[in-house]
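> Generate a structure from the sequence data that follows.
(one chain, ligands or ions: 1)
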Amino acid sequence: MSAPATHALMNTVIRPPQVFVRGRGAYLYDEVGLAYLDWVQGWAVNALGHSPDVVTVALARQASTLLNLSPAYYSRPLLQLAGRLTALSGLDQVFFINSGAEANEGAIKLARKWGRLNKGGAYEIITFDNGYHGRTLATMSATGKPGWADYYPPQVPGFPKARFNDLDSVAALIGPATVAVMLEPVQGEGGVIPASPDFIAGLRALCDEHGLLLIFDEVQTGCGRLGTLFAAQHYRVQPDIMTLGKGLAAGVPLSALLARRDCCCFEPGDQGGTFSGAPLACAVALDVLEILAQPAFLANVAERGAQLAAGLAGLSARYGLGEVRGIGLLQALVLPGCDALAVVELARAKGLLLNAPRPSCVRMMPALNSTAAEIDQGLALLDAALGSRRQAA
Ligand SMILES: *Cc1c(COP(=O)(O)O)cnc(C)c1O
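Okay, the predicted model is just below:
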């Protein structure tokens, strides 16, 4: 298959040659009619797989009722979603925007304003090596991916980096300018590295002791991905501020910034955005959340996650590979000394879509409503891909 002419697209990502035309549930179809079991799912966005009825029906209904209005007006979907999300999360107020990076940008602003009002102008937010928070200038500065500090200098100041799962490294950075600690409970782009429960509990205690805000970036870990609605529930620790994105409207752009009441210090004019809280995305998210929040749905995520992790451990043992890491349906297999991008290509040739967040690991983010048969099928396809790698070597 020859690559399509891409001269009209800016050179920001290397894409495989396939042009995809249709998606349904766990599967994606290309122009020549080949089917792929999709364990990328729009980068963990399609929580319910491709084009689920709940999304297409809500989109059609809301689009013909009230598609868009000024962010300075109320709509029913906006009010209902705000009520539902605050009730589900135990946080008090919410601001809606479009992308994960924008929600995090809002979290940074909220923390800085809170520091100005309550902590003598403290503004530093401790973030982590290998952490990922998005691609605006401030969220890139909060990101700890190797090399990112040099992309677009100068960086936005105020994001000292600690080591993940190392509480002492956080404590060592706390000073009079510190206002918050921000982290992903499971580092996703960093290669699926879960925080240890002790680390999360220790961070909560450290923040309480020093009067700092604890910010969970749950753009990837939230919305059911870990088998609980939020990672905060998996770890049984309540953050002061939490951001959501990706799966929140299961394929429609929407993100949220949630916070405890006494951190909610925005006043009119402090924060906004043209599409903030638009009824179309809010209506979809309301119906999606009804599904995601069901205990039986979340139990399936946990079961399928355990099935996937066990299958990956079997493949790791069979082929002499590395660690299996993850929680729920966010899993990675470490491939020591092999080129993960090559494995991604071999898997695609077998009909399985994966992603390689690091040069030596592959990540799986299947739809949260995956069946046991679909997980088994993906494991068999990965087995075939790893086997073909062996023959090639
Ligand atoms: C994807 C992601 C983001 C950025 O979200 P966008 O919608 O791409 O802006 C931020 N934080 C985490 C943890 C993510 O996984």
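> Around residue 129, how many other residues sit close by?
15 (other CB atoms under 10 Å). The C-beta positions use only the backbone N, C-alpha and C, and glycine is treated the same way.
> For it, report the pLDDT, please.
In the prediction, the pLDDT value recorded for residue 129 is 98.
> And the one 3 residues further on, by the same measure?
In this model, residue 132 is scored at 98, pLDDT.
> residue contacts, it?
Contact analysis of residue 132 by CB atoms under 8 Å, 6 or more residues apart in numbering lists 143-145, 184, 187-190.
> just those residues that are near the ligand?
Subset of the contacts of residue 132 in contact with the ligand: 184, 188-189, counting by CB under 6 Å from any ligand atom.
> What residues are bridge-paired with residue 186?
Beta-bridge partners recorded for residue 186 (DSSP bridges): residue 194.
> Now that it has come up, it's in contact with residue 326, right?
Yes: at 7.2 Å, residue 186 counts as touching residue 326 under the criterion of CB atoms under 8 Å.
> Now list whatever residues contact both of the two.
Taking CB under 8 Å, 6+ apart as the contact rule, residue 186 and residue 326 both touch 192, 194.
> which one of the ones next to the ligand among the contacts of residue 132 is nearest residue 151?
Of all those, residue 189 has the smallest distance to residue 151: 14.6 Å, by CB to CB.
> and the gap between that closest one and residue 171?
From residue 189 across to residue 171, the span is 25 Å (CB to CB, to the nearest Å).
> the more surrounded of those two?
Per other CB under 10 Å, whichever of residue 189 and residue 171 has more neighbours is residue 189, with 19 against 15.
> roughly how far apart are the residue of the stretch 1-150 of the chain found nearest the ligand and residue 40?
In the stretch 1-150 of the chain, the residue that lies nearest the ligand is residue 100 (2.3 Å; CB to the nearest ligand atom). Residue 100 sits 16 Å away from residue 40, taking CB to CB as the criterion.
> These two: who's more crowded?
residue 100 (28 against 19).
> and that one, what is it in contact with?
Applying CB under 8 Å, 6+ apart, we find residue 100 in contact with 133-134, 217, 219-220, 243, 245-246, 255.
> pLDDT wise, what is it at?
Taking residue 100 on its own, its pLDDT is 98.
> where does it fall, phi/psi-wise?
Residue 100 adopts backbone torsions of phi -60, psi -40, taken as degrees, to the nearest 10.
> do residue 84 as well
Here is the backbone geometry of residue 84 (degrees, to the nearest 10): phi -70, psi -40.
> For residue 255, see how far away the residue of the stretch 1-150 of the chain closest to the ligand is.
If you measure residue 100 against residue 255 using CB to CB, the figure is 5 Å.
> which neighbours do the two share?
Common neighbours of residue 100 and residue 255, using CB under 8 Å, 6+ apart, are 219, 243, 245.
> and those near the ligand, which?
219, 245.
> quick one: which of the shared contacts of residue 100 and residue 255 is most hemmed in?
Tallying neighbours with other CB under 10 Å puts residue 243 at the head of the shared contacts of residue 100 and residue 255, with 31 neighbours.
> Could you find the closest non-adjacent residue to that one?
The shortest distance from residue 243 to any non-neighbouring residue, by CB to CB, 6 or more residues apart in numbering, is to residue 103 (4.0 Å).
> continuing past the host helix or strand of the one you found, what's the next helix or strand?
Using DSSP states H and E, residue 103 falls within helix 100-118. Next along the chain after helix 100-118, taking DSSP H and E as the criterion, comes strand 124-128.
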